[in-house]
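Enquirer: Provided below are the primary sequence and the corresponding predicted coordinates.
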Amino acid sequence: MEINDVVQFNENHKWTGSLGIITEIKDCKENGTRYMVGLPSPEGTAYIFVMSTENAIEKIGKAILIPS
């Protein structure tokens, strides 16, 4: 997965079914990769951290328009 990929949280996460955009990726060596996923909402963007070892997100596609 890459920055600006659109992902959906699966049943392994409490945000099941929510769509988000990967905004940051960090290699955490021993623990795998950490993704920061932004979930846009009318109140603002919520940022959720997810480890690759959790198997909690699935790639849906690539975001074309990204708010700056």
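Expert: That came through fine.
Enquirer: need the three-state assignment for the residue of the chain positioned farthest from its centre.
Expert: When distances are taken from the C-alpha mean of the chain, Glu30 lies farthest, 19.9 Å away, according to Cα atoms, centre = their mean. Here Glu30 is helix, with the state taken from DSSP: H, G, I helix; E, B strand; the rest coil.
Enquirer: what sits against it?
Expert: By Cβ atoms under 8 Å, 6 or more residues apart in numbering, the contact set of Glu30 is empty. Placement of C-beta: from N, CA and C, glycine included.
Enquirer: do the same with Glu58
Expert: By Cβ under 8 Å, 6+ apart, Glu58 lies in contact with Val7, Gln8, Asn10.
Enquirer: 10 Å instead, please
Expert: Applying Cβ atoms under 10 Å, 6 or more residues apart in numbering to Glu58 gives the contacts Met1, Val7, Gln8, Phe9, Asn10, Asn12.
Enquirer: so the last one makes contact with Ser52?
Expert: No - no contact is recorded between Asn12 and Ser52 when judged using Cβ atoms under 10 Å, the distance being 11.7 Å.
Enquirer: between the two, tell me which one has more neighbours.
Expert: Ser52 (16 against 12; other Cβ atoms under 10 Å).
Enquirer: what's the helix or strand for Glu24?
Expert: strand 19-27 (DSSP states H and E).
Enquirer: quick one: whatever helix or strand comes next after that strand to strand 19-27, angle?
Expert: Going down the chain from strand 19-27, the next helix or strand is strand 33-41, by DSSP H and E. Orientation of strand 33-41 against strand 19-27 (axes from the mean of the first three to the mean of the last three Cα atoms, to 10 degrees) gives an angle of 150 degrees.
Enquirer: which strands and helices sit next to strand 33-41?
Expert: Secondary-structure packing of strand 33-41 (3 or more Cβ pairs under 10 Å, 6 or more residues apart in numbering; DSSP states H and E): strand 5-9, strand 19-27, strand 44-51.
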